[in-house]
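A.B. asks: Below: sequence and its predicted model.
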Amino acid sequence: MRHIAVIGGGQAGHSAAARLRSLGYEGRITLICGEQEPPYQRPPLSKKFLLDQFVRARLYLRGESFYSDNDIELRLGTWCHHIDMDSKRIDCGDDSIPFDKLIIATGSHPRTVDGPMGGNLAGIHTIRSLADSDRIKSELDKCARAIVIGGGYIGLEAAASLKSKGLDVTVVEAAERILQRVAARETSTRLRALHRQHGVEILENAPLKQFEGDAQGRVAAAILEDGRRIAADLAIVGIGVLPTTALAERTGLALENGIRMDINCRTSVPFVFAAGDCASFPWKTVRIRLESVQNAIEQGEAAAANALGPEQAYEPVPWFWSDQYDVKLQIAGLGHGHDRIICREGPSSSAVSHWYFRGNEFLAVDAINDARSYMVGKKLLEAGKSPHHQTVADPDSNLAALLR
């Protein structure tokens, strides 16, 4: 292999390129980034970076010299229009890049509010890129009232940050409850109470009808389906993301909730691999797509290793985290299909964990300010062990003993 190209300058693409070198690959590596910024962290964009608690330089995954020191050609501001699989060339407009093997890590992009609903008004933002966060920060000093559309992790993190900056904040969630898609009712209840304690208004079962603008074309209010009008001079839309698959689709790669790949990160074309938010893969008895830093890193590294061979199955234990105010929520596993939640009180009044079971099978844990429960739960999942319900529920039981 003379040349491996990586399309996508996010966490997955960066991890793949770095892993190729650490595994001893001596051929050419090209890392193609659509943004003008070198690869950077995204989680702080809705949290510490928005709060000016995280300097810009700390966002970058590696210093500028890393790429030259490791002979990784970093192509910034480069968009890939088409991939010719027969000639193994990537069309980048004014240039084309040859390759022998390819790793696609094009990530995901935010869902937006349509133009007819007022989504094009000034002051309406998503939070996905560094440029997004920069635009929001530039407006905060001129704003007093913010509305956040969507009560998922990004929406709630943004709400906490905006409230901490002194804005009046309202969160509007179309579903019955916040975090309905990703967390148990018990976790939703805890985080709802947390935000209300900080003065954030939470409106659930409240679909957005449209945004209303002022005479200057800036957002002035959100109109809900039930007729309520929520005044705001800043809006954050956090209603989820979609896998970025347009390039893969134009190329003819198989898609299924993202780029379809096998357990070895291989797509429908044998010399093309995929990783990160853009890719779906078989996990246990289902096919999933994980939107997390952990998956981006580990799957990017797995794609790189499998491109070099020998191939190894990618079988992760998913984990996630969210920081809101002084609360850290840590999640291990996936709770889909659970039929029982066991609540365990933690070592302090602010600590609690929610353990997901299907029958006697342990599926996942949500740990709120409870790092011990998170770590034990994660290790149990990695070992394929299921603790007894009563042991988990008893706050005096020794969780560490479950690992023996």
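C.D. replies: Perfect, thanks for sending it.
A.B. asks: Tell me where the stretch 301-404 of the chain has strands.
C.D. replies: Taking DSSP state E, counting those that start in this stretch as the criterion, the stretch 301-404 of the chain carries its strands at 319-324, 327-333, 340-345, 352-358, 361-368.
A.B. asks: what sits up against the first one?
C.D. replies: Counting by CB atoms under 8 Å, 6 or more residues apart in numbering, strand 319-324 makes contact with 47-48, 153, 156-157, 159-160, 191, 194-195, 292, 294, 328-333, 378, all of which sit outside it. All C-beta atoms are positioned from the backbone trio N, CA, C, and that covers glycine.
A.B. asks: what pairs with that strand, and is each one parallel or antiparallel?
C.D. replies: Note on strand 319-324: by DSSP bridges, its sheet partners are strand 327-333 (antiparallel).
A.B. asks: in the partner strand, what's buried?
C.D. replies: 327, 329-333 (16 or more other CB atoms under 10 Å).
A.B. asks: and what of stretch 285-299?
C.D. replies: Here stretch 285-299 shows 288-299 as buried, counting by 16+ other CB under 10 Å.
A.B. asks: just checking, which of those belong to helices?
C.D. replies: Applying DSSP state H to those, the entries found in helices are 293-299.
A.B. asks: I'd like the residues you listed as CSV, with distance to Gln11 appended.
C.D. replies: Shown next, in CSV, are those (distance: CB to CB, whole Å):
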residue, distance to Gln11
Val293, 6
Gln294, 9
Asn295, 9
Ala296, 4
Ile297, 6
Glu298, 10
Gln299, 10
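A.B. asks: Just the closest of those residues to Phe99, please.
C.D. replies: Taking CB to CB as the measure, Phe99 sits nearest to Gln299 out of these, at 19.6 Å.
A.B. asks: where does that closest one sit relative to Pro38, distance-wise?
C.D. replies: Look at Gln299 and Pro38: by CB to CB, to the nearest Å, they are 20 Å apart.
A.B. asks: can I assume Ala183 sits in a helix?
C.D. replies: No. Looking at Ala183 with DSSP: H, G, I helix; E, B strand; the rest coil, it is coil, so not inside a helix.
A.B. asks: what residues are up against Ile149?
C.D. replies: 113, 155, 172, 208, 222, 235-239.
A.B. asks: Any chance of CSV for the buried residues of stretch 285-299, columns pLDDT and distance to Ile342?
C.D. replies: As requested, the buried residues of stretch 285-299 are exported to CSV (pLDDT from 0 to 100; distance: CB to CB, whole Å):
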residue, pLDDT, distance to Ile342
Ile288, 97, 24
Arg289, 97, 28
Leu290, 97, 24
Glu291, 96, 26
Ser292, 95, 24
Val293, 95, 27
Gln294, 96, 24
Asn295, 97, 26
Ala296, 98, 30
Ile297, 98, 30
Glu298, 98, 28
Gln299, 98, 30
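A.B. asks: one step back: so of the buried residues of strand 327-333, which two are at opposite extremes in space?
C.D. replies: Longest span within those, CB to CB: Val327 and Gly333, 19.9 Å.
A.B. asks: sorry, back to before: counting only helices, which of the contacts of Ile149 make the cut?
C.D. replies: Taking DSSP H, the ones among the contacts of Ile149 that sit in helices are Gly155.
A.B. asks: Where do the helices of the stretch 151-300 of the chain begin and end?
C.D. replies: Taking DSSP state H, counting those that start in this stretch as the test, the helices found in the stretch 151-300 of the chain are 153-164, 185-197, 246-251, 293-308.
A.B. asks: Now render these as TSV, adding distance to Asp91.
C.D. replies: Formatted as TSV, those follow (distance: least, CB to CB, whole Å):
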stretch	distance to Asp91
helix 153-164	33
helix 185-197	45
helix 246-251	10
helix 293-308	21
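A.B. asks: Gly213 is nearest to which of the ones you listed?
C.D. replies: Using CB to CB, the nearest of those to Gly213 is helix 153-164, at 20.0 Å.
A.B. asks: Tell me the helices and strands packed up against that closest one.
C.D. replies: With contacts taken as 3 or more CB pairs under 8 Å, 6 or more residues apart in numbering; DSSP states H and E, helix 153-164 sits against strand 145-149, strand 168-172, helix 185-197, strand 234-237, strand 319-324.
A.B. asks: Now do the third one against strand 340-345, angle only.
C.D. replies: Computed with axes from the mean of the first three to the mean of the last three CA atoms, to 10 degrees, the direction of helix 185-197 lies at 50 degrees from that of strand 340-345.
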